[in-house]
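K.L.:
here is my input, please return the structure:
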Amino acid sequence: MRTAAVTSLLLLAVLAGSVSAATLTVEVSRNGFAGPIEVAVAPRVEGDPPHWTTTQTLAAGQSTVTFPGLEKGLYTVLASGPQALQRLGAKANVGTEGSKLRLIIPRSKTVLRARLAGQPLAHATIALTHDELRWATSVATDAGGRFEGALWEPGLYAANVTPDHPATGHFVEVTLSAAPLTIDVPDRKVVGRVTDEAGKPVAGAQVILRSEVDKSTLTARALSESDGSFEFFGVREGSNSMFARAPSYLSSDAAVFEIRGASGQHSADLQLTRGTRRAVRVLDERGGPIANATLLTACEGHVKSNALTDAEGNAEVALPGSGACAIYALPKEGSIAMARVAGTDRLVIRVPDGSSSLRLALKSETGVAFSDLWLLMRVDGMVVPPAVARQLLTRGLSLVTDAEGTISLAHIPPGTYEFWPYRSEVEGQMIYDVSSDFAAPISVNVLTGENVATVKFKSARR
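P.N.:
All right, here's what the predicted structure looks like:
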């Protein structure tokens, strides 16, 4: 009886699936376009790029295509011609009774120009991603830095401009229309090589560049070439930090620098070391194991490796052969604990309950909020370096003030919390390097429960 019941349930599930299958009909109004049109369909996931599951081609003279056997739900549909910007996308809501979508191809063209500090950027590639539907295409400029062609989908795009040699491109948002558009890339770049401790090149290493621009942080990534070289093209002006990582290596120390002016180049070589393994166990206040806790290892303020604890609270982290290191334990449920690395035995980190919260506001004497300020934090004598603070943003531990000049730290342990304000990562690293020698300008005794504090700074007198 049990087998029969299970078989019946499976049969009902199969029948239910076949009943829910529906047909999407796509009708394309060609509006004079006589070439072939490829129509692709992908399940729609908000914010994600489409993964095309089925495609069909409309030959010249055909205008209608059907996609049978689809499950009901939301879809992205893309009609494509042979040219790069002959792309027309739309959303489709497919119900159990099917759905019909009509696309109308416009008769429009556009001109794109790419320039490098005002000069034509020849043979550049401009990768374009539609802002809403997330489908992608790319165009190439000619010897004069120009592209001209049909435009089926005006609107907002994310553009990535790369030169005619290996480099990570310049990202910018653009609006495509019938009006000509010029993308002027700044003549600033960051170059370097990734090597191991013996000076040999490391190919395929991921190099991460973070640029602080207009009160926000832009992150770009590059892969090192066979000779270990990398290049970031069209870098924004301002403060930057950069590091490399690769499988079987510790992350490199971060290179922190500023790049200024209408044009400029910064060169920085990054070294990877293999390190040694160290056993760590993470426990709560009552001695119970904490599973799925993130471990960040930082040495001299640089994040060197990360790991995740298993069901018994155990993990292995990678450490360099020398240098002062600390491990930061971040349980999935909240709280934070820090332990200095000493000896050779397995490290045991006990995480106090995250039974407190802190809302800290920074204002002037007249009540003006200090927004977009980072805070270097020291908890019961241990400092959280800026590189670690960057990785706490998604854990309710944002150490940058909002528009009201406030930070809100949730699920933190009680203790003495001290803070130094800073504007850029360069400045933050400088303060971190000398923090053990100076008292912090802000100190808060955080008790169990909610804690609220406001710090008012005096205006500088001339």
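
K.L.:
mean confidence score for stretch 54-73?
P.N.:
Averaged over stretch 54-73, pLDDT sits at 93.

K.L.:
start to end distance for that stretch?
P.N.:
15 Å (Cα to Cα, to the nearest Å).

K.L.:
can you list the buried residues in it?
P.N.:
Going by neighbour count (16 or more other Cβ atoms under 10 Å), the buried part of stretch 54-73 is 58, 65, 67, 70. Yep, even glycine has a C-beta here, placed from its N, CA and C like the rest.

K.L.:
what lies in contact with it?
P.N.:
17, 20-30, 34-41, 43-44, 93-96 (Cβ atoms under 8 Å, 6 or more residues apart in numbering).

K.L.:
any idea how far D437 is from R30?
P.N.:
74 Å (Cβ to Cβ, to the nearest Å).

K.L.:
of those two, who's got more company?
P.N.:
R30 (16 against 6; other Cβ atoms under 10 Å).

K.L.:
measure how far stretch 217-227 is from the centre of its chain, please.
P.N.:
Put simply, stretch 217-227 sits 13 Å off its chain's centre (Cα atoms, centre = their mean, to the nearest Å).

K.L.:
what are the buried residues along it?
P.N.:
So for stretch 217-227, counting by 16+ other Cβ under 10 Å, buried means 217, 220, 222, 224-225.

K.L.:
contacts for that stretch?
P.N.:
By Cβ under 8 Å, 6+ apart, stretch 217-227 touches 166-168, 171, 193-194, 201-211, 230-232, 236, 244.

K.L.:
rewinding a little: what would the buried residues of stretch 54-73 look like in a markdown table with secondary structure and distance to P49?
P.N.:
Output for those, formatted as a markdown table (DSSP: H, G, I helix; E, B strand; the rest coil; distance: Cβ to Cβ, whole Å):
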| residue | secondary structure | distance to P49 |
| --- | --- | --- |
| L58 | strand | 24 |
| V65 | strand | 23 |
| F67 | strand | 20 |
| L70 | strand | 19 |
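
K.L.:
low-confidence ranges, the stretch 1-150 of the chain, go.
P.N.:
1-20 (pLDDT under 70).

K.L.:
ah, wrong one, I meant the stretch 151-300 of the chain
P.N.:
Ranges of the stretch 151-300 of the chain meeting pLDDT under 70: 214-215.

K.L.:
give me the residues contacting stretch 299-310.
P.N.:
243, 250-254, 275, 280-282, 289-298, 315-320, 323-326, 385-388, 391, 429, 432-433.

K.L.:
quick one: which of these sit in strands?
P.N.:
243, 280-282, 294-298, 315-319, 325-326 (DSSP state E).

K.L.:
of these, closest to P413?
P.N.:
Set against P413, the nearest of the ones in strands among the contacts of stretch 299-310 by Cβ to Cβ is V282 (14.0 Å).

K.L.:
my guess is that closest one contacts G288, does it?
P.N.:
No - the criterion here is Cβ atoms under 8 Å, and V282 misses it with G288 at 10.1 Å.

K.L.:
can you pull the residues that touch both of these two?
P.N.:
G313.

K.L.:
out of the two, which sits in the busier spot?
P.N.:
Using other Cβ under 10 Å as the criterion, V282 and G288 rank with V282 on top: 27 against 9.

K.L.:
OK, contacts around that one?
P.N.:
Contacts of V282 by Cβ under 8 Å, 6+ apart are 289-290, 293, 295, 309, 313, 315, 329, 331, 337, 348-349, 351.

K.L.:
try L373
P.N.:
Applying Cβ under 8 Å, 6+ apart, the residues near L373 are 362, 400-401, 405, 421-423.

K.L.:
try 7 Å
P.N.:
362, 400-401, 421, 423 (Cβ atoms under 7 Å, 6 or more residues apart in numbering).

K.L.:
CSV for those residues, including pLDDT and secondary structure?
P.N.:
As requested, these are exported to CSV (pLDDT from 0 to 100; DSSP: H, G, I helix; E, B strand; the rest coil):
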residue, pLDDT, secondary structure
L362, 95, strand
V400, 91, strand
T401, 93, coil
P421, 94, strand
R423, 86, coil
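
K.L.:
circling back to that earlier point, list only buried entries from the contacts of stretch 299-310.
P.N.:
Looks like the contacts of stretch 299-310 have 243, 250-254, 275, 280-282, 290, 293-298, 315, 317-320, 325-326, 385-388, 391, 429, 432 buried, using 16+ other Cβ under 10 Å.

K.L.:
and the closest residue to G149 other than its chain neighbours, what element?
P.N.:
Excluding the flanking residues, the one nearest G149 by Cβ to Cβ, 6 or more residues apart in numbering is Q83, at 5.0 Å. Q83 is part of no helix or strand, with elements assigned from DSSP states H and E.

K.L.:
go ahead and confirm Q83 touches A150.
P.N.:
Yes - counting by Cβ atoms under 7 Å, A150 is a contact partner of Q83 at 5.4 Å.

K.L.:
more crowded one of the two?
P.N.:
The residue with more neighbours, out of Q83 and A150, is A150; 18 against 14, by other Cβ under 10 Å.

K.L.:
can you name the residues that contact the more buried one?
P.N.:
83, 85-86, 109.

K.L.:
mind running it again at 10 Å?
P.N.:
33, 81-87, 105-110 (Cβ atoms under 10 Å, 6 or more residues apart in numbering).

K.L.:
so which of the residues you listed belong to strands?
P.N.:
Per DSSP E, those map to strands at 87, 109-110.

K.L.:
counting neighbours, which of those comes out on top?
P.N.:
Neighbour max across those (other Cβ under 10 Å) = R87, 20 neighbours.

K.L.:
any idea how far stretch 50-61 is from the chain center?
P.N.:
So, by Cα atoms, centre = their mean, the centroid of stretch 50-61 is 31 Å from its chain's centroid.

K.L.:
about what we covered before: reformat the ones in strands among the contacts of A150 as JSON lines; add distance to H51.
P.N.:
As requested, the ones in strands among the contacts of A150 are exported to JSON lines (distance: Cβ to Cβ, whole Å):
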{"residue": "R87", "distance to H51": "16"}
{"residue": "K109", "distance to H51": "30"}
{"residue": "T110", "distance to H51": "28"}
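
K.L.:
closest to L74 among those residues?
P.N.:
R87 (19.4 Å).

K.L.:
what ranges do the helices span in the protein?
P.N.:
2-20, 386-389, 425-434 (DSSP state H).

K.L.:
nothing else from me, thank you.
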